[in-house]
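>>> take a look and give me a structure for this.
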Amino acid sequence: RPPWAAAAGEVTPWLWRGALAAAVLGAAGWIANARVTRLGPPLTISRGEAERIARAALTTRSVTLPAGARALVSVTVRPADSDRFVWEKVGSKVYESLLGAYVPVPRWVVRFATFEGDVAERAEEWICYVYGDGTVQRVRHHVPEARAAATLSKDEARARAHAVLRDRYGRDPATLTEVSATSAKRPKRMDWTFVFKDPEVSAIAPGEGRISVTLAGDEVTDSSRFVFLPEDWERAQRKLAGSFRTGGVIRTTFIAVLLLAGTAVAVVALSRGRFATRMGLAIAGMLFTATILMTLNRWPALVAGFSTTRSYDLQRVTAAVAPLVGGLVMAAVFALVAGAAARWLRPPIAGLRRAAGFGCALGWIAIGALAIASAARGRASPPWPSFGGAATFVPWVSASLGGITRYLAETAVLLLFFGAIDRWSAGWTRRRVAVGALAVVAGAVLTLSNSAPDLASWLGSAALLGVAVLVFYAFALRHDLSVLPLVTG
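Numbering: from 1, shown residues only. Below you'll find the predicted structure:
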């Protein structure tokens, strides 16, 4: 350790009292901005039950699946663009009134596909959408383009579409407005897609509630209700999403450069015996073990994304090996970074209880800062929870292991980040202006969010958190970086 880091940090009485007071304010800020909401029906049926319901639905339609067809089950991701548009334009009440009708709720997607035989015929798939209560909401049939079927005239196809409106949606075609009738000539049939506007859904103007009916030959292969999004809104969203993607690239690049530099320093430290070996091995073991368990647990979700144009066995090997190789590399990187950064730290605060209390207080300050920044940024979409764990073998295992890996990775990155600031500023005794400016910019990059209602709130919240990172280090964390694992926890 350099001379300035030889002595243990000290938490003075005024710092301790200030940290406690700020922790109380942080907890209050978190409570004030916490929102417990429940949108739409929950997923009360299991993955296996969804598959059985989907098979029964196809049986009632006299569908015979080809030999060797596999059931691939996943969960739809929410929110989508339609959710964001309705939420932004008309608010929560109208949004909730449209759920399950023109705005879909989270649901099981059961896809029946074949991976053997002729590649062209493998394009045929049956896809059933099953709501959380077991209701079959939609059935789609992907028909291979070369398959022969009837060629209907426009009027004949429209009559089929009108029958779907009456039988499936209970709507009189005369009460709807036909928006488009699009034909697609296939080698041995004619396909049609009809789109109708529902005038009763007027609250989301300039958006529209629409119903689509698709025919392959004389077979109705799909029908659905959806929200038509205005072109101006979609263009603005694409522009905003482009800014978010750019920010994500910048954040990822910064973290990658930080880890690469940290790994290089760690290798040198390891060669000189300045490395916390036990910590490094422990973190590597935990991260790689978590990667193995998460891959096994997420197997159904991984398989659900397989393409019928590629070998099923080859995709299984790729899906199994790729996460393990990536997990091994990342476990080694984070282990090296954590092991080297741990030797940079000055001796911890005397007294385990005092150090633990200080770390927990700083943790609540960080929670409050993040909550306030989130409130200032605003919400761009409905507060749907994540349903990704539902498609795994054991959902709570997925959530637990994901939390552990994120905690270890974030702690290692922040140890490296604050350790570098600590060394460059000699414990905040030198180069304060330059290092402080760098800390604000780097903190803003590290805390960039993935979404926001607009560009100003996105950049403003990042700038706020960047300043908070500097204040956090300069006034509190520099006294004892060893409490950082309590802060991130």
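>>> so residue 140 is in which element?
strand 136-142 (DSSP states H and E).
>>> can you give me the buried ones in the helix or strand following that strand?
Using DSSP H and E, the helix or strand that follows strand 136-142 in sequence is helix 154-169. Neighbour counts using 16 or more other C-beta atoms under 10 Å place 157-158, 160-162, 164-165, 169 of helix 154-169 among the buried residues. No exception for glycine: its C-beta is placed from N, CA and C like everyone else's.
>>> and for stretch 181-193?
181, 186, 189-193.
>>> returning to what we had before: contacts for the strand holding residue 140, please.
Contact with strand 136-142 is made by 53-54, 57-58, 61, 100, 104, 107, 123-131, 216, 219, 221-224, as judged by C-beta atoms under 8 Å, 6 or more residues apart in numbering.
>>> make a ChimeraX selection of the buried ones in those residues.
For the buried members of these, the matching ChimeraX selection, counting by 16+ other C-beta under 10 Å, is:
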select :53,54,57,58,100,104,107,123,124,125,126,127,128,129,130,131,216,221,222,223,224
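>>> just list what whichever strand or helix holds residue 371 packs against, helices and strands only.
Assigned by DSSP H and E, residue 371 falls within helix 352-377. Helix 352-377 is packed against helix 13-33, helix 455-475, helix 484-488, with contacts defined by 3 or more C-beta pairs under 8 Å, 6 or more residues apart in numbering; DSSP states H and E.
>>> could you check the angle the helix or strand that it is followed by makes with helix 455-475?
Counting by DSSP H and E, the next helix or strand C-terminal to helix 352-377 is helix 395-424. Angle of helix 395-424 versus helix 455-475, following axes from the mean of the first three to the mean of the last three C-alpha atoms, to 10 degrees, is 60 degrees.
>>> for helix 395-424, name the packing helices and strands.
helix 231-271, helix 277-297, helix 312-344, helix 432-446, helix 455-475, helix 484-488.
>>> got the buried residues for the second one?
Just to be clear, that refers to helix 277-297. Of the residues in helix 277-297, 279-280, 283-284, 286-288, 290-291, 293-295, 297 count as buried by neighbour count, 16+ other C-beta under 10 Å.
>>> on that earlier part again, just the angle for the helix holding residue 371 relative to helix 13-33, thanks.
With the same axes, to 10 degrees as the basis, helix 352-377 and helix 13-33 are set at 40 degrees to each other.
>>> what residues of helix 352-377 count as buried?
So, applying 16+ other C-beta under 10 Å, buried residues of helix 352-377: 355, 357-374, 377.
>>> out of the helices and strands packed on helix 352-377, which is closest to residue 344?
Closest of the helices and strands packed on helix 352-377 to residue 344 is helix 484-488, at 11.8 Å (criterion: C-beta to C-beta).
>>> now mean neighbour count too, for the helices and strands packed on helix 352-377, in a markdown table please.
Below are the helices and strands packed on helix 352-377 laid out as a markdown table (neighbours: other C-beta atoms under 10 Å):
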| stretch | mean neighbour count |
| --- | --- |
| helix 13-33 | 15 |
| helix 455-475 | 19 |
| helix 484-488 | 20 |
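>>> which one of those helices lies nearest to residue 400?
Proximity to residue 400 (C-beta to C-beta) singles out helix 484-488 among the helices and strands packed on helix 352-377, at 16.4 Å.
>>> which strands and helices lie in contact with that closest one?
helix 352-377, helix 395-424.
>>> surely residue 78 is in contact with residue 386?
No: contact between residue 78 and residue 386 fails when scored by C-beta atoms under 8 Å: they sit 9.2 Å apart.
>>> of those two, who's got more company?
residue 78 (21 against 13; other C-beta atoms under 10 Å).
>>> contacts only, for the more buried one.
104-106, 382, 384, 387.
>>> okay if I get these as JSON lines plus distance to residue 397?
Below are these laid out as JSON lines (distance: C-beta to C-beta, whole Å):
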{"residue": "104", "distance to residue 397": "27"}
{"residue": "105", "distance to residue 397": "25"}
{"residue": "106", "distance to residue 397": "20"}
{"residue": "382", "distance to residue 397": "27"}
{"residue": "384", "distance to residue 397": "22"}
{"residue": "387", "distance to residue 397": "15"}
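>>> got JSON lines for the residues you listed, with pLDDT and distance to residue 459 too?
What follows is the contacts of residue 78, written out as JSON lines (pLDDT from 0 to 100; distance: C-beta to C-beta, whole Å):
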{"residue": "104", "pLDDT": "87", "distance to residue 459": "32"}
{"residue": "105", "pLDDT": "87", "distance to residue 459": "33"}
{"residue": "106", "pLDDT": "88", "distance to residue 459": "31"}
{"residue": "382", "pLDDT": "85", "distance to residue 459": "23"}
{"residue": "384", "pLDDT": "83", "distance to residue 459": "25"}
{"residue": "387", "pLDDT": "83", "distance to residue 459": "30"}
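>>> who wins for neighbours among these?
Counting by other C-beta under 10 Å, top hit in the contacts of residue 78: residue 104 with 23 neighbours.
>>> tell me how far that residue lies from residue 74.
Using C-beta to C-beta, to the nearest Å, we find residue 104 at a distance of 14 Å from residue 74.
>>> nearest to residue 415 among the buried residues of stretch 181-193?
Using C-beta to C-beta, the buried residues of stretch 181-193 come closest to residue 415 at residue 193, 55.3 Å.
>>> can you confirm that closest one is in a strand?
Yes: under DSSP: H, G, I helix; E, B strand; the rest coil, residue 193 sits within a strand.
>>> so it sits against residue 216, correct?
No: at 10.0 Å, residue 193 and residue 216 do not qualify as touching, with contact defined as C-beta under 8 Å.
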